[in-house]
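Peer 1: No letters, just coordinates:
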């Protein structure tokens, strides 16, 4: 299993939208590195859902429900989408500030490749984020 983080601006597509939809198509990616990450996603891979711009925080856990296929929002065959479905809204969000302040997460792709909307997450990083989201 692989682990990922996807970013969405809440006003465009929020965690609550995903929950309401029960499954969302991750479309509109127009960066080759992010596209390659979409292409590497496998069904059942776990995905951290991050609100960018507003909030700047990991808000929930999703999973890949359908592997990559052509992006129906464009005629350009270079672009793909995946489908994701919600698993859990986190009891506590994990902010970008928390992530940047945590020495264990200093090399996380979210920090190092901050412009990418789809990034891989190492298992250790994933476990740390899950732990922070469930701290009491």
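Peer 2: Right, received. Where do you want to start? Owing to the predicted nature of the structure, the values given are computational and were not obtained by experimental measurement.

Peer 1: rest of the way, CA atoms for contacts and neighbours
Peer 2: Fine.

Peer 1: longest strand in the chain, by residue count?
Peer 2: Determined from DSSP state E, the single longest strand within the chain is strand 80-95.

Peer 1: by contact count, what packs against that strand?
Peer 2: Contacts defined by 3 or more CA pairs under 8 Å, 6 or more residues apart in numbering; DSSP states H and E place strand 80-95 against helix 15-21, strand 24-26, helix 32-40, strand 57-70, helix 123-133.

Peer 1: Contacts made by the longest one with the rest, please.
Peer 2: Right, strand 57-70. Contact with strand 57-70 is made by 15, 23, 38-39, 41-51, 77-90, 92-96, as judged by CA atoms under 8 Å, 6 or more residues apart in numbering.

Peer 1: Over to residue 76: give its phi and psi.
Peer 2: The phi and psi values for residue 76, taken as degrees, to the nearest 10, are phi -80, psi 120.

Peer 1: State the distance from it to residue 29.
Peer 2: 12 Å (CA to CA, to the nearest Å).

Peer 1: The two - which one has more neighbours?
Peer 2: A direct count of neighbours by other CA atoms under 10 Å for residue 76 and residue 29 places residue 29 higher, at 17 against 10.

Peer 1: for the more buried one, what are its contacts?
Peer 2: By CA under 8 Å, 6+ apart, the neighbours of residue 29 are 35, 79, 80, 81, 117.

Peer 1: try residue 31
Peer 2: Here residue 31 is in contact with residue 116 (CA under 8 Å, 6+ apart).

Peer 1: And the pLDDT for it?
Peer 2: Listed pLDDT for residue 31 reads 96.

Peer 1: Assign a three-state SS to the residue lying farthest from the centre of the chain, would you?
Peer 2: Distance to the chain centre peaks in the chain at residue 75, reaching 24.6 Å (criterion: CA atoms, centre = their mean). In three-state terms, and counting by DSSP: H, G, I helix; E, B strand; the rest coil, residue 75 is coil.
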